[in-house]
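Novice: Need a 3D model of the sequence below.
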Amino acid sequence: MALTEIMSRNSVEIDGFAVVDSVISSTEIEVWRELVAGIEGRGVSKRESIFAIRNLLDVPEIRDMARSLAVRNLIEPTLGPNCFAVRGIFFDKTPDANWKVPYHQDLSIAVREKIETPGFGPWSEKAGAVHVQPPTAVLEKMLTIRIHLDDTDEANGALRVIPGSQRLGKIESGHVAREAEQGEVAVPVVEGGAMLMRPLLLHASSPARNARHRRVIHLEFAGTELSGELEWLNRV
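Specialist: Numbers count the residues shown, from 1 in each chain. Prediction:
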């Protein structure tokens, strides 16, 4: 295991996140920018001025990215060799879609169909897909990689996080604001770099203060199957 992978795994376990530079090359960045521009006409959600392309794992090139060594080498040290991608979303902040996200945890997963299962709930629907909140044990076996196609800093909406908050499990909505006072950290990422984060990590972002893009390919991975007859919507 390379030193970068060891350091990333340690940071993810302790702080709930890590930043890795040069995950994709400058040439690859341009390829991915063109690819995303080509699929913006389908699967686009602009709910409440949020720009997002959902169901990204339906795109063959994105599935290839999820299977690539560059990505797997960062995910597997934490989740193990049998992990798989379960969801992909593309985010951007533009003058027309420049949103604020308050502190929250990523608590929902996408599944093939609604099957009432002990420990799973509440249920919802997003972009035509069934979503549910799983038990904490499932979320603790997940890891997200956010691959940045642009330099991202506080001026164009970089994530802010509360280090170590993933160790608190699911935080009741009424207690999130209190936990968010424990010392936030802004997480800048250079273009071609990636941020790894646990879904239970408290995170937020502010509106961009300039017109620069903040294009991010967001891939969620899981290291466990679901209970009973429930199935992940995607398994790449």
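Novice: ok, now which ones touch Leu159?
Specialist: Residues in contact with Leu159 (C-beta atoms under 8 Å, 6 or more residues apart in numbering) are Arg146, Ala186, Val187, Met195, Met197, His203, Ala204, Ser205. C-beta coordinates here come from the backbone N, C-alpha and C atoms, glycine included.
Novice: quick one, longest strand in this protein?
Specialist: What stands out as the longest strand in the chain, according to DSSP state E, is strand 84-92.
Novice: List the buried residues of that one.
Specialist: Of the residues in strand 84-92, those buried under the neighbour-count criterion (16 or more other C-beta atoms under 10 Å) are Phe84, Ala85, Val86, Arg87, Gly88, Ile89, Phe90, Phe91, Asp92.
Novice: Same check on stretch 226-236?
Specialist: Residues Leu226, Leu230, Trp232, Leu233, Asn234, Val236 are the ones in stretch 226-236 that count as buried (16+ other C-beta under 10 Å).
Novice: picking up where we left off before, reformat the buried residues of strand 84-92 as JSON lines; add distance to Val216 and pLDDT.
Specialist: Shown next, in JSON lines, are these (distance: C-beta to C-beta, whole Å; pLDDT from 0 to 100):
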{"residue": "Phe84", "distance to Val216": "21", "pLDDT": "99"}
{"residue": "Ala85", "distance to Val216": "15", "pLDDT": "99"}
{"residue": "Val86", "distance to Val216": "17", "pLDDT": "98"}
{"residue": "Arg87", "distance to Val216": "14", "pLDDT": "96"}
{"residue": "Gly88", "distance to Val216": "11", "pLDDT": "95"}
{"residue": "Ile89", "distance to Val216": "8", "pLDDT": "93"}
{"residue": "Phe90", "distance to Val216": "7", "pLDDT": "92"}
{"residue": "Phe91", "distance to Val216": "5", "pLDDT": "88"}
{"residue": "Asp92", "distance to Val216": "7", "pLDDT": "84"}
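Novice: what's the closest of the residues you listed to Leu57?
Specialist: Distances from the buried residues of strand 84-92 to Leu57 were compared by C-beta to C-beta; the smallest belongs to Gly88, at 4.2 Å.
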